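Asks: Prediction below, plus the sequence it came from.
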There are 4 protein chains.
Amino acid sequence: MSTPSRRPRADAGRNRARVLEAASELFAERGDEVQMAEVAKSAGVGVGTVYRHFPTRQALIEAVAEARFAEILAFARAECLSTPDAREGLKRFLLHIGQVHEDGRALSRSIETALGSTAPRGEVGAELRELGAELLERGRGDGTVRADVTVEDLYMIVGALAAVARADWGDWRRFVDFQMAGLDPEVAGRP
Amino acid sequence: MSTPSRRPRADAGRNRARVLEAASELFAERGDEVQMAEVAKSAGVGVGTVYRHFPTRQALIEAVAEARFAEILAFARAECLSTPDAREGLKRFLLHIGQVHEDGRALSRSIETALGSTAPRGEVGAELRELGAELLERGRGDGTVRADVTVEDLYMIVGALAAVARADWGDWRRFVDFQMAGLDPEVAGRP
Amino acid sequence: MSTPSRRPRADAGRNRARVLEAASELFAERGDEVQMAEVAKSAGVGVGTVYRHFPTRQALIEAVAEARFAEILAFARAECLSTPDAREGLKRFLLHIGQVHEDGRALSRSIETALGSTAPRGEVGAELRELGAELLERGRGDGTVRADVTVEDLYMIVGALAAVARADWGDWRRFVDFQMAGLDPEVAGRP
Amino acid sequence: MSTPSRRPRADAGRNRARVLEAASELFAERGDEVQMAEVAKSAGVGVGTVYRHFPTRQALIEAVAEARFAEILAFARAECLSTPDAREGLKRFLLHIGQVHEDGRALSRSIETALGSTAPRGEVGAELRELGAELLERGRGDGTVRADVTVEDLYMIVGALAAVARADWGDWRRFVDFQMAGLDPEVAGRP
DNA sequence: GATGAATGAGCATTCATTCAT
DNA sequence: CATGAATGAATGCTCATTCAT
């Protein structure tokens, strides 16, 4: 006689994840036009639940952005810190970032619009900065990257790359090549 | 249904200019939050007049963007094509663009949001591309710029710079330096 | 961006009815000039609620029209299918329709303007057609109505009557008399 | 040296006619959505000129309507007053009216919306009433039309027919048949 | 906790009409 | 007389956010 309730024990955190996942997909596909109610529906919850976990639309987008940064961070740790030379690791890092933004153009634009920038934030942001520092440190170590490049410099380049990859201005891989050239120790100091 | 007009018949095209000017200032200051009615008021005309000259909000923003590009074009023609060496001209070009976007951050964001990109469009866009070609040609001539750089490459860099300068990721002048380094003929071809 | 709600959670479908009722009255009184906001206010809800139940202004008017048709249907079932002779039933039907349109002239005009016609639509429309068929069938049965009259014919007459009753061209009851005369079996076939 | 001016001696009344003609066509095609500026353009004049001749949009529509009534009047005088029997003349009258409304559905709707009715007005309206009286008088004379039919009755029927013909409820010619039947002297007085 | 109905400020856009030139 | 640029009130609709149930 007791029909099982539809979503019986969807414990708290589970819902957060579902919402985040739904939001990630929707924003990646349709960008800023997705509405909170759609996210809720797609996640199989009510709007109220979305708001329980993400107090504002902006917070949700922030969280989606952070999730993407976390992915990037994981990739970089696995693939960019252990390359034969540091230069190679750095390039892989940039190529991955370009790819992520190309694949999620609409999302990137939403982030830009909602947060005013695609720069990494929060905890993951801090870890990314650390990671960037390590990439540069390695470069300084083996002499394959200009020694005067700061983490701030690197993330300007990353931000620029994000903009290039989400736009349709040409082959962003060429842009990466230019950045790698600009980071070459040989040319440091040219006017 | 309407109340008698207050300041009628102010010379045809004059109003277009006033609206454009007002819009330029307002968008530069407050970005996407400015409303059509504000623009009208600030220009001293009715909304209808704004719409007569710019059929949609997006068209207005497009026009403001184009005006900015026209300024850049004029600057570049005057200051960047006659430098002692081509590299210097190119650098001045980039520095000017960075400055324009730093000074009009809010506007740059509005353009990005409304048009999806800050890339030059239309007639002025075409002229800018030509100008870019000349800048690069000069560089090929005196050997101060990588010979394989295309106009498309250049405008990827310009777009990237626009993103960097309107954001707050660090000193965009440093970014310009990296780009100049990347465009150095010496490093062309490094992996 | 919004202010806290004032009268929340008033039972789901109850609100739909209140809106419909308010709209019916307002449109009957003042016709096409009523605004969505007025309907909302008069129903004691926010505009958003009106739009939740009726996605567009036209949809609201359609619903009001349908409600009126439903009334007519109910009347006809109760009063027109059980008259001594079918002719009498048909006449009562027409008289009721004329009365409804006379009483809600402004509404009838709104419907005409918004929907392009006052013809019954949707589900209720289908039931009305069935009812019309029954009325005619009865007439064929007792020989009080021309046998060649189709439901389509009948609803042309009904539509015509609606137009006459909502206009001010004369006593629409006279018009009904002419229609009854025209439906008389005696004259069928006259040139 | 003197280039002929474009429209040199477009004397007053000529423009009125051009505007009226343009308006007739446009309203017949696209109905209420035509704007005053379009009418002006289509007539090859400025909006101001349209307003000189027709002080409001409604006045313009009224004039277009009147022109149509004038056509009907002319037709009726030529074709309906001289038929062998009066009944035939009356029928031709109705058929012509139906045709006019079928051909100019959009216009008919505009008139209905703007003026609240498609009933003939003004001077032409008066003449049409007279004409209607004559048609009925002839019918009384040769006994082919119910003697108790008034001009008001006739114009209720005409208005109804206009509604039927401009709608898409069925074959309005059938409706005309029913009206003719209803006007038959044989059935006068049936309940 | 979860739900989703309710809220309502906000805003781009339209178009009949006017009147300086 | 003709022109057409200017006017601005009017209005349907959206959607992030709240909170009674």
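Replies: Done, it's in. Residues are numbered from 1 along each chain as shown, chains lettered A, B, ... in the order given.

Asks: mean confidence for stretch A:29-45?
Replies: The pLDDT scores in stretch A:29-45 average 95.

Asks: do that stretch and DNA strand E meet at all?
Replies: Yes: interface with DNA strand E: stretch A:29-45 contributes A:Gly44, A:Val45 (C-beta under 7 Å from any atom of the strand). Every residue, glycine included, has its C-beta placed from N, CA and C.

Asks: got the buried residues for that stretch?
Replies: Residues of stretch A:29-45 classed as buried by neighbour count (16 or more other C-beta atoms under 10 Å in any protein chain shown): A:Gly31, A:Asp32, A:Val34, A:Glu38, A:Val39, A:Ala40, A:Ser42, A:Ala43, A:Val45.

Asks: contacting residues around that stretch?
Replies: Here stretch A:29-45 makes contact (C-beta atoms under 8 Å, 6 or more residues apart in numbering or on different chains) with A:7, A:10, A:15, A:18-19, A:21-23, A:25-27, A:46-47, A:49-51, A:57, A:60, A:105-107, A:109-110, A:113-114.

Asks: got a markdown table for the buried residues of stretch A:29-45, with secondary structure too?
Replies: Shown next, in a markdown table, are the buried residues of stretch A:29-45 (DSSP: H, G, I helix; E, B strand; the rest coil):
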| residue | secondary structure |
| --- | --- |
| A:Gly31 | helix |
| A:Asp32 | helix |
| A:Val34 | coil |
| A:Glu38 | helix |
| A:Val39 | helix |
| A:Ala40 | helix |
| A:Ser42 | helix |
| A:Ala43 | helix |
| A:Val45 | coil |
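
Asks: that older thread, of the contacts of stretch A:29-45, grab the buried ones for ChimeraX.
Replies: In ChimeraX syntax, the buried subset of the contacts of stretch A:29-45 is picked out as below (16+ other C-beta under 10 Å):
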select /A:15,18,19,22,23,25,26,27,49,50,51,57,60,105,106,107,109,110,113,114
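
Asks: From the contacts of stretch A:29-45, which land in helices?
Replies: Counting by DSSP state H, the contacts of stretch A:29-45 place A:15, A:18-19, A:21-23, A:25-27, A:47, A:49-51, A:57, A:60, A:105-107, A:109-110, A:113-114 in helices.

Asks: and A:Glu66, what does it touch?
Replies: Counted by C-beta under 8 Å, 6+ apart, A:Glu66 has contacts A:Pro120, A:Arg121, A:Gly122, A:Glu123, A:Val124, A:Gly125.

Asks: let's see it at 6 Å
Replies: By C-beta atoms under 6 Å, 6 or more residues apart in numbering or on different chains, A:Glu66 lies in contact with A:Gly122, A:Val124.

Asks: State the helix or strand in which it lies.
Replies: In the assignment (DSSP states H and E), A:Glu66 maps to helix A:57-79.

Asks: is chain B contacted by the helix or strand containing A:Gln179?
Replies: Using DSSP H and E, A:Gln179 maps to helix A:172-182. Yes: looking at helix A:172-182 against chain B by C-beta under 6 Å from any C-beta of the partner chain, the contacts come from A:Arg174, A:Phe175, A:Phe178, A:Ala181, A:Gly182.

Asks: By neighbours, which of the residues you listed wins?
Replies: In terms of neighbour count, A:Phe175 stands highest of the residues of helix A:172-182 next to chain B at 26 neighbours, by other C-beta atoms under 10 Å in any protein chain shown.

Asks: Identify the residues contacting that one.
Replies: A:Phe175 is in contact with A:Val164, B:Met156, counting by C-beta under 6 Å, 6+ apart.

Asks: And it, what's its pLDDT?
Replies: On the pLDDT scale, A:Phe175 is placed at 98.

Asks: Ok, A:Phe75 next?
Replies: 97.

Asks: List the contacts of it.
Replies: Residues near A:Phe75 by C-beta under 6 Å, 6+ apart: A:His96.

Asks: Relative to DNA strand F, how far out is the residue in chain A that chain D sits nearest to?
Replies: Nearest residue of chain A to chain D: A:Glu33, at 28.6 Å (C-beta to the nearest C-beta). From A:Glu33 across to DNA strand F, the span is 6 Å (C-beta to the nearest atom of the strand, to the nearest Å).

Asks: again with A:Gly89
Replies: 39 Å.

Asks: these two touch, right, that residue and A:Ala78?
Replies: No: look at A:Gly89 against A:Ala78 with C-beta atoms under 6 Å: they stay out of range, at 11.0 Å.

Asks: mind listing what the residue positioned nearest the centre of chain A touches?
Replies: Centroid-nearest residue in chain A, with C-alpha atoms, centre = their mean: A:Phe69, separated by 3.4 Å. Residues near A:Phe69 by C-beta under 6 Å, 6+ apart: A:Pro120, A:Val124.

Asks: How is chain A divided into domains?
Replies: Domain assignment for chain A, taken from automatic domain parsing, gives A:11-55, A:65-185.

Asks: Is the last one in proximity to DNA strand E?
Replies: The reference is to domain A:65-185. No: under the criterion of C-beta under 7 Å from any atom of the strand, domain A:65-185 makes no contact with DNA strand E; the nearest approach is 14.8 Å.

Asks: Would you mind measuring the gap between the ends of that domain?
Replies: 33 Å (C-alpha to C-alpha, to the nearest Å).

Asks: Equivalent analysis for stretch A:80-91, please.
Replies: Terminal-residue distance, stretch A:80-91 (C-alpha to C-alpha): 8 Å.

Asks: which parts of the helix or strand containing A:Glu130 are buried?
Replies: Assigned by DSSP H and E, A:Glu130 belongs to helix A:122-142. The neighbour-count check on helix A:122-142 (16+ other C-beta under 10 Å) flags A:Val124, A:Gly125, A:Glu127, A:Leu128, A:Leu131, A:Gly132, A:Glu134, A:Leu135, A:Leu136, A:Arg138, A:Gly139, A:Arg140 as buried.

Asks: my guess is A:Arg146 meets A:Pro185, correct?
Replies: Yes: using C-beta under 6 Å, A:Arg146 is in contact with A:Pro185, at 5.0 Å.

Asks: Could you list which residues are in contact with A:Val176?
Replies: A:Val176 touches A:Leu94, A:Leu95, A:Gly98, counting by C-beta under 6 Å, 6+ apart.

Asks: Buried only: go through the residues you listed for me.
Replies: A:Leu94, A:Leu95, A:Gly98.

Asks: In contact with the closest residue to A:Gly182 other than its chain neighbours, which residues?
Replies: Leaving aside its sequence neighbours, A:Gly182 sits nearest to B:Gly182 (C-beta to C-beta, 6 or more residues apart in numbering or on different chains; 3.2 Å). By C-beta under 6 Å, 6+ apart, B:Gly182 lies in contact with A:Phe178, A:Ala181, A:Gly182.

Asks: Roughly how far does B:Gly182 sit from B:Leu95?
Replies: 16 Å (C-beta to C-beta, to the nearest Å).

Asks: hang on, the earlier thing: between the residues of helix A:172-182 next to chain B, which is nearest DNA strand F?
Replies: A:Phe175 (32.1 Å; C-beta to the nearest atom of the strand).
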